[in-house]
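In: attaching a predicted model along with its sequence, questions to come.
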Amino acid sequence: MIRRPLPVLTLMLSLAFGAPFAGAAAASADSAADQAPAPQRDLRETYTKYEYRIPMRDGTRLFTVVYVPKDSAKTYPFLINRTPYSVGVFADGERHYGVDWFPKQIGPSKEFEDAGYIFVKQDVRGRYMSEGKWVEMTPHGKDVKRAAGAGTESQDMYDTMEWLLKHVPNNNGKAGIYGISYPGFYTSASIIDSHPAIKAASPQAPVTDLYMGDDSYHGGAFMLAANFGFYASFTEQQNPTPLPKTRSEFDYGAADGYDFFLQHLTMQNILGTLTDNQRALLAPTIDHDTYDDFWKIRAIAPHLKNVKAAVLTVGGWFDAEDPQGPFTTYHAIKKNNPGIFNGLVIGPWVHGGWAGLDGKRLGRVSFDRKTGEDFRANIQFPFFEQQLKGIKPARPIAEVTAFETGSNVWRQYSAWPPVPAKPRTLYFGANGTLSWQQPAAAASADTQYDEYVADPKKPVPFVGYAVTDVPQEYMVSDQRFASSRPDVLVYQSEVLDEDVTIAGPVTPKLFVSTTGTDADWVVKLIDVYPSEYPAGEAAERGHDVATPSSPMAGYQMLVRGNPLRGKFRNSFEKPEPFVPGKVEAISYHLGDVNHTFRRGHRIMVQVQSSWFPLVDLNPQTFVSIPKAKPEDFKKATQRVYHAPATPSGLQVLVMPAQ
């Protein structure tokens with residue numbers, strides 16, 4: 001959704017403004033150096049741009065841009081995008097409003113522009129050129145107290161639709177709506193009690209519940225680096241205004257965010273580096289560190305009812321911002337709206353990567369084909385063409401289309417998780433073993449567990465290189481830098497003699513103890529490549545001395561990782577301290593995967609108690625972390641047990657052998 005560091009923000013804002021992908025965001029996912037640039041069309045030749053201020057039922061006017069095909073011999077459906085990131089055109093380093101400014105792309109892909117649609121883009125209430133009061137993750141409930149000028153997204157969409165049907169000629173009476181990230185949330189919120197003209201909707205990477213696995217919190221732990229970087233430039237505004245014309249970057253004063261955040265240590269000190277305006281939206285998300293009403297009223301999933309449109313929800317396996325939102329949205333719509341088409345597409349993509357990137361690789365990991373092009377041409381475009389124009393696709397769109405990483409093939413399923421997938425548990429064992437068999441009785445008590453000392457003053461980093469933001473490739477990053485640390489436990493299978501495909505949610509089930517009164521438990525599922533493996537692409541170095549090679553042989557690819565803040569092991573609403581030394585069972589949702597561990601590879605699980613600064617530091621004492629003092633941060637000895645009575649492991653869903 002919204003809490004992305006600036007290189008990723010550049011990518012998403014370019015989507016919102018219609019600007020081309022550029023800089024680190026695009027470079028980190030796909031290299032286009034070997035591709036000739038496509039000839040750029042001038043959209044002025046085929047579309048006319050109009051700007052309107054559409055009145056809502058309370059009198060608030062929403063700024064709306066409409067691009068209408070010049071060919072008036074036909075009728076066209078509407079394709080709508082609602083955003084808090086401005087409908088202005090980003091060009092020459094600045095954002096511009098006005099009918100003379102055209103973006104380089106106005107639709108989700110070139111296919112839509114060629115086929116002919118009436119493209120509608122709207123600044124949501126209280127953002128940029130729209131009037132009213134903006135509220136983060138607009139609460140939908142009827143009993144919510146609303147500030148003057150605030151509204152409800154479904155009503156704003158309904159009123160907008162009514163106006164468009166009456167005032168924009170040559171429409172065919174049908175509309176689709178789509179959006180990525182925060183606009184994905186607005187897509188979901190806009191189809192509740194939806195206008196009958198809305199026939200198709202595609203919430204993509206939709207923020208669904210900020211606390212439960214999306215941008216703000218994972219397992220009760222605050223996603224520090226991404227939120228901090230985002231809110232440095234995403235602030236409240238006095239509206240309507242076209243400002244700011246440019247995006248500002250926070251000056252960390254350090255080459256590595258690890259050093260910056262560790263130097264400031266406490267959340268109060270970290271917030272102190274921001275201006276009052278920058279803190280205004282960020283501070284409440286930190287202060288509300290339990291799942292209280294602040295978060296509950298903003299969760300959109302319980303309200304996804306009376307949806308009349310066909311829905312295609314889209315997400316990425318390696319989306320660092322909103323990995324959970326697509327699954328929560330898909331399940332909520334399926335539960336509450338029987339009878340409509342409710343599809344899910346999950347590919348090997350970063351946040352929004354399906355919108356303009358090739359999707360052939362991420363960092364050093366290859367997916368063998370241009371999955372982004374697959375989606376745009378063969379799924380997204382046919383979906384809207386069928387629902388809005390009645391054109392049947394060459395191949396029916398399955399309820400679930402999921403890319404299976406590892407084997408690198410697209411799969412179609414009738415539901416998610418796949419019906420054939422059956423639960424099995426990978427058990428931790430003595431000497432770092434990992435197997436399908438429960439542990440046998442240990443020879444002595446001290447071999448029934450593994451332990452490490454977690455020091456919040458020396459936390460485990462989340463990547464093995466210096467960076468001030470959250471690089472998109474971190475979700476497949478090589479974990480060898482972590483596996484050698486003494487404060488990281490490593491469990492590894494034997495070399496696999498056949499493929500193992502895991503499809504569905506992954507659930508750590510651990511027995512743990514700590515000498516502190518609170519602790520984070522970070523679990524990472526990893527694919528270990530064979531000791532002999534193709535080297536991949538070599539970096540260009542001319543005749544100079546090369547840097548030391550980092551071979552793909554032995555690469556430890558992160559498949560999925562997430563934390564659990566231990567105080568929330570029984571409830572995200574009511575935290576509880578640990579009793580030092582007491583063994584307790586913990587279980588939590590690590591995330592969903594669709595990954596094949598190939599024959600010759602190994603399965604690895606790493607366990608640690610920090611993941612910094614991706615996740616904020618746990619002082620390891622039972623305190624309010626937003627108010628923690630430097631003296632609250634203490635070392636603790638963490639134990640993970642693997643005895644017959646305390647069998648720690650990872651529960652997964654395994655597909656039958658092919």
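Out: Yes, it's here.
In: where is the longest helix in the chain?
Out: The helix of greatest length in the chain, counted in residues with DSSP state H as the criterion, is given as helix 153-167.
In: what's the average pLDDT for that helix?
Out: Taken as a whole, helix 153-167 carries a mean pLDDT of 98.
In: relative to the helix or strand just after it, what are the paired strands and their orientations?
Out: Counting by DSSP states H and E, the element after helix 153-167 in chain order, helix or strand, is strand 171-180. Counting by DSSP bridges, the strands paired with strand 171-180 are strand 76-83 (parallel), strand 198-204 (parallel).
In: what is the longest helix of the chain packed up against?
Out: Contact here means 3 or more Cβ pairs under 8 Å, 6 or more residues apart in numbering; DSSP states H and E; on that basis helix 153-167 packs against strand 47-55, strand 61-69, strand 76-83, strand 118-123, strand 171-180, helix 182-190. The way it works is simple: take the backbone N, C-alpha and C, and place the C-beta from them, glycine included.
In: all helices of the stretch 351-500 of the chain, in order?
Out: Assigned by DSSP state H, counting those that start in this stretch, the helices in the stretch 351-500 of the chain fall at 371-375, 381-389, 480-483.
In: take these and write them to TSV, including distance to residue 450.
Out: Listed next are these as TSV, based on distance: least, Cβ to Cβ, whole Å:
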stretch	distance to residue 450
helix 371-375	38
helix 381-389	49
helix 480-483	14
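In: just put those helices in JSON lines and tack on mean neighbour count and mean pLDDT.
Out: Supplementary listing: those in JSON lines, determined by neighbours: other Cβ atoms under 10 Å; pLDDT from 0 to 100:
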{"stretch": "helix 371-375", "mean neighbour count": "21", "mean pLDDT": "97"}
{"stretch": "helix 381-389", "mean neighbour count": "21", "mean pLDDT": "98"}
{"stretch": "helix 480-483", "mean neighbour count": "18", "mean pLDDT": "97"}
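In: nearest to residue 331, out of those?
Out: Shortest separation from residue 331 across the helices of the stretch 351-500 of the chain is recorded for helix 381-389, at 19.4 Å, computed as Cβ to Cβ.
In: dump the closest one to PDB, restricted to CA.
Out: As requested, the backbone C-alpha atoms of helix 381-389 are provided in PDB (Å, rounded to 0.1, in the frame of the first residue of the first chain):
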ATOM      1  CA  PHE A 381      -6.900  -7.600 -20.200                       C
ATOM      2  CA  PRO A 382      -9.200 -10.500 -21.100                       C
ATOM      3  CA  PHE A 383     -10.900 -10.200 -17.600                       C
ATOM      4  CA  PHE A 384     -12.000  -6.600 -18.200                       C
ATOM      5  CA  GLU A 385     -12.800  -7.300 -21.900                       C
ATOM      6  CA  GLN A 386     -15.100 -10.100 -20.900                       C
ATOM      7  CA  GLN A 387     -16.900  -8.300 -18.100                       C
ATOM      8  CA  LEU A 388     -17.200  -4.900 -19.800                       C
ATOM      9  CA  LYS A 389     -17.500  -5.800 -23.500                       C
END
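In: name the helices or strands packed onto it?
Out: Using 3+ Cβ pairs under 8 Å, 6+ apart as the contact criterion, the secondary-structure elements in contact with helix 381-389 are strand 76-83, helix 110-115, strand 171-180, strand 198-204, strand 310-316.
In: in the stretch 351-500 of the chain, where is pLDDT below threshold?
Out: Under the criterion of pLDDT under 70, the regions of the stretch 351-500 of the chain flagged as low confidence span 442-443.
In: let me fix that, I meant to ask about the stretch 1-150 of the chain.
Out: In the predicted model of the stretch 1-150 of the chain, residues 1-40 satisfy pLDDT under 70.
In: the closest residue to residue 308 other than its chain neighbours sits in which helix or strand?
Out: Beyond its immediate neighbours in the sequence, the residue positioned closest to residue 308 (Cβ to Cβ, 6 or more residues apart in numbering) is residue 194, lying 5.0 Å away. Applying DSSP H and E as the criterion places residue 194 outside every helix and strand.
In: show me which residues of the longest helix of the chain are buried.
Out: Burial within helix 153-167, assessed by neighbour count using 16 or more other Cβ atoms under 10 Å, is assigned to 153-161, 163-164.
In: distance from that helix to the middle of the chain?
Out: 29 Å (Cα atoms, centre = their mean, to the nearest Å).
In: one step back: let me know the closest of the buried residues of helix 153-167 to residue 336.
Out: Of all the buried residues of helix 153-167, the one sitting nearest residue 336 is residue 154; the distance, using Cβ to Cβ, is 13.9 Å.
In: return the most buried member of the helices and strands packed on helix 153-167.
Out: Highest mean neighbour count among the helices and strands packed on helix 153-167 (mean count of other Cβ atoms under 10 Å): helix 182-190, with a mean of 29.
In: can you list contacts of that one?
Out: Residues lying outside helix 182-190 but in contact with it, judged by Cβ atoms under 8 Å, 6 or more residues apart in numbering, are 1-2, 16, 80-85, 124, 137-138, 140, 153-154, 156-157, 177-179, 198, 201-208, 300, 303-304, 322, 325, 329.
In: now it against strand 198-204, angle please.
Out: Relative orientation of helix 182-190 versus strand 198-204 (axes from the mean of the first three to the mean of the last three Cα atoms, to 10 degrees): 140 degrees.
In: avg pLDDT for helix 182-190?
Out: With pLDDT averaged residue by residue, helix 182-190 scores 98.
In: next, the angle from it to strand 310-316.
Out: Helix 182-190 and strand 310-316 meet at an angle of 150 degrees, taking the same axes, to 10 degrees as the criterion.
In: may I have helix 182-190 as CSV, with CA atoms only?
Out: The C-alpha trace of helix 182-190 is given here as CSV (Å, rounded to 0.1, in the frame of the first residue of the first chain):
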residue,chain,number,x,y,z
TYR,A,182,-3.5,2.1,-1.6
PRO,A,183,-5.6,2.5,-4.8
GLY,A,184,-6.2,-1.3,-4.3
PHE,A,185,-7.8,-0.5,-1.0
TYR,A,186,-10.0,2.2,-2.7
THR,A,187,-11.0,-0.4,-5.3
SER,A,188,-12.1,-2.8,-2.6
ALA,A,189,-13.9,-0.1,-0.6
SER,A,190,-15.6,1.2,-3.7
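In: got TSV for the helices and strands packed on helix 381-389, with distance to residue 489 too?
Out: Rendered in TSV, the data for the helices and strands packed on helix 381-389 read as follows (distance: least, Cβ to Cβ, whole Å):
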stretch	distance to residue 489
strand 76-83	43
helix 110-115	49
strand 171-180	37
strand 198-204	36
strand 310-316	29
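In: wait, which of the ones you listed is closest to residue 381?
Out: Taking Cβ to Cβ as the criterion, helix 110-115 is the member of the helices and strands packed on helix 381-389 that comes nearest to residue 381, at 4.3 Å.
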